[in-house]
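Asker: missing the sequence, but the structure's below:
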C-alpha cells in the first residue's frame, strides 16, 4: 500500500466524523493559498495530521516539509488544496 493510499484510507475513515457546521465554517474563512495555524495531532512516516480545532483537520505530506514537527506542536502552514466533497485539506509549509 502506498503512502497516498494510506492517507486516503485514513482520511476516508475520519471524514464521517467531521461536523458539517464546523466544516462549513472552516471553508467560509479558509481557502486554497491561505495561511492557517493548527496543532499537530499525529505523526506518521509519510507526514503529519494537523487539527484546526473541533473536527476539522488537514494533512501535511512528508515530501512537503523540511522536517516533521512533533505531535502537540503548533504549526503555521499554507492550504494547498481543499476537496470539499471528501472534506480533505492538503497542506504545505507556509
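Answerer: Happy to help now that I have it. Since the structure is predicted, the reported quantities are computational estimates derived from the model, not experimental observations.
Asker: in which helix or strand does residue 23 reside?
Answerer: Under the criterion of DSSP states H and E, residue 23 resides in helix 20-29.
Asker: pLDDT of that helix, averaged?
Answerer: The average of the pLDDT scores along helix 20-29 is 88.
Asker: distance between it and the chain's centre?
Answerer: With C-alpha atoms, centre = their mean, to the nearest Å as the basis, helix 20-29 stands 14 Å off its chain's centre.
Asker: what's next to whatever helix or strand comes next after it, contact-wise?
Answerer: Scanning forward in sequence from helix 20-29 by DSSP H and E, the next helix or strand is strand 35-44. With contacts defined as C-beta atoms under 8 Å, 6 or more residues apart in numbering, strand 35-44 is touched by 6, 30, 48-53, 57-58, 68-79, 91, 94. In this view, the C-beta of every residue, glycine as well, is placed from N, C-alpha and C.
Asker: please repeat the previous calculation with a cut-off of 10 Å.
Answerer: 3, 6-7, 10, 26, 29-30, 48-53, 56-60, 62, 68-79, 89, 91, 94 (C-beta atoms under 10 Å, 6 or more residues apart in numbering).
Asker: noted, bye for now.
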